[in-house]
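> A predicted structure for the sequence below; I have some questions about it.
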Amino acid sequence: MYDKVMETVTYLNEKVAYRPKVAIILGSGLGDLVDYIEEKVEISYEEIPNFPVSTVAGHAGQLVFGKIGGVEVLAMKGRFHYYEGYDMKQVTYPVYVMKQFGIENIIVSNAAGGANSTFKPGTLMLITDHINAFGTNPLIGKNDERFGPRFPDMSETYTKKLQELAKTTAKEMGIDYREGVYLGTTGPTYETAAEVRAFISMGADAIGMSTVPEVIIANYTGMNILGISCITNMATGIAKEAHSHEAVVEIAKRTGNEFCRWVAETVKKI
Ligand SMILES: O=P(O)(O)O[C@@H]1C[C@H](O)[C@@H](CO)O1
Ligand SMILES: Nc1nc2[nH]cnc2c(=O)[nH]1
């Protein structure tokens with residue numbers, strides 16, 4: 001794995017002059033953030049050695065390098081989900097690459113269902129912590145100490161300093177946000193109402209199908225982490241209507257503007 005990652009990193013180093021310290025993983029329907037990136041260099045996943053290829057509608061499959069307000073960034077437009085059939089090492093492969101490429105701060109985003117009944121579709125939630133309900137862990141297997149320790153601590157997974165920065169920025173910009181715990185499941189089914197009740201009793205405020213594996217690797221490799229969920233629907237049982245991925249992407253795109261403004265301003269201060 002290490003050699004493969006380094007091969008990908010070498011390719012990127014030769015292909016782009018940018019050396020960003022900040023990366024952003026864009027969730028379903030949140031890809032418009034790339035419109036805030038100037039002097040872009042875009043690379044399709046197919047072109048990148050050892051990179052998996054995204055198959056989900058609403059996910060473009062590109063690394064986008066450039067600048068937001070003068071700050072160099074790397075945005076991942078299209079992520080890899082466990083439910084697509086990738087194994088956990090493939091799902092998290094880009095995060096290993098980012099770390100070796102020099103990324104120190106990662107912003108992870110997602111579209112998620114609201115489990116906290118005080119949320120509504122369109123709510124932006126700053127992730128304060130997560131629950132891994134995937135039933136597996138991307139670090140299972142032999143550990144390579146060149147990436148990180150065998151038993152990573154996760155007592156401050158979502159970096160307090162970045163949370164404070166995002167909160168101050170939101171207040172300055174008049175952006176409304178909530179805070180909460182993201183629970184990640186495998187998908188691709190949306191939850192049953194009974195599962196949502198169980199997840200609420202476990203402490204979930206938002207439920208999604210991504211983010212947790214990437215964050216586990218980002219934490220393991222020693223990155224600062226900021227997470228934002230865009231609540232696109234209320235979770236099953238709280239919502240009156242049935243879910244569809246099309247509706248999720250549609251709401252994420254509609255609320256995406258606030259999300260993009262918030263992330264762009266926060267990036268400038270990192
Ligand atoms: O990549 P994210 O977590 O934003 O995508 C969400 C979860 C599923 O992939 C999909 C369900 O509609 O959207
Ligand atoms: N698991 C899950 N993922 C989502 N992504 C967007 N909405 C939802 C949801 O309600 N549940």
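Cool, got the structure. Numbers count the residues shown, from 1 in each chain. Ligands and ions are numbered 1, 2, ... in the order given.
> looking at it, Ile231 is touching Thr118, isn't it?
No. Ile231 is beyond contact range of Thr118, at 10.7 Å (criterion: CB atoms under 8 Å). (Each C-beta comes from the backbone N, C-alpha and C, glycine too.)
> the more surrounded of the two?
Ile231 (29 against 9; other CB atoms under 10 Å).
> that one belongs to a strand?
Yes. Under DSSP: H, G, I helix; E, B strand; the rest coil, Ile231 falls within a strand.
> give me the distance between it and ligand 2.
8 Å (CB to the nearest ligand atom, to the nearest Å).
> gap between that residue and Met154?
Ile231 is 24 Å from Met154, where distance means CB to CB, to the nearest Å.
> try Ala242
In terms of CB to CB, Ala242 sits 35 Å off from Met154.
> compare these two (neighbour count), which wins?
Met154 (14 against 9).
> sec struct for that one, please.
coil.
> am I right that it is in contact with Asn219?
Yes. If you go by CB under 8 Å, Met154 and Asn219 touch, sitting 6.0 Å apart.
> ok, Asn132 - contacts?
Counting by CB atoms under 8 Å, 6 or more residues apart in numbering, Asn132 touches 184, 212, 216.
> what number of residues lie near the closest residue to the second one other than its chain neighbours?
Think Val212. Nearest in space to Val212, with sequence neighbours left out and distances taken as CB to CB, 6 or more residues apart in numbering, is Gly184 at 3.3 Å. Gly184 has 25 neighbours, counted by other CB under 10 Å.
> so Gly184 bridges to which residues?
Asn132, Gly208 (DSSP bridges).
> where does pLDDT dip in the stretch 51-200 of the chain?
54-60 (pLDDT under 70).
> neighbours of the closest residue to Tyr177 other than its chain neighbours, just the number please.
With CB to CB, 6+ apart as the criterion, Tyr177 has its nearest non-adjacent residue at 4.6 Å, and that residue is Leu124. Using other CB under 10 Å, Leu124 has 21 neighbouring residues.
> residues touching Leu124, list them.
Counted by CB under 8 Å, 6+ apart, Leu124 has contacts 175-178, 228-231, 255, 258-259, 262.
> export the residues you listed to a markdown table and append columns for secondary structure.
Below are the contacts of Leu124 laid out as a markdown table (three-state DSSP):
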| residue | secondary structure |
| --- | --- |
| Ile175 | coil |
| Asp176 | coil |
| Tyr177 | coil |
| Arg178 | strand |
| Ile228 | strand |
| Ser229 | strand |
| Cys230 | strand |
| Ile231 | strand |
| Thr255 | helix |
| Glu258 | helix |
| Phe259 | helix |
| Trp262 | helix |
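> just the buried ones out of the residues you listed, please.
175, 177-178, 228-231, 255, 258-259, 262 (16 or more other CB atoms under 10 Å).
> a markdown table for the contacts of Leu124, including distance to Val196?
Below are those laid out as a markdown table (distance: CB to CB, whole Å):
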| residue | distance to Val196 |
| --- | --- |
| Ile175 | 27 |
| Asp176 | 24 |
| Tyr177 | 22 |
| Arg178 | 18 |
| Ile228 | 21 |
| Ser229 | 15 |
| Cys230 | 18 |
| Ile231 | 14 |
| Thr255 | 21 |
| Glu258 | 25 |
| Phe259 | 24 |
| Trp262 | 27 |
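> checking the residue lying closest to Phe134 once chain neighbours are set aside next. Helix, strand or coil?
With CB to CB, 6+ apart as the criterion, Phe134 has its nearest non-adjacent residue at 5.5 Å, and that residue is Thr186. Judged by three-state DSSP, the three-state class of Thr186 is coil.
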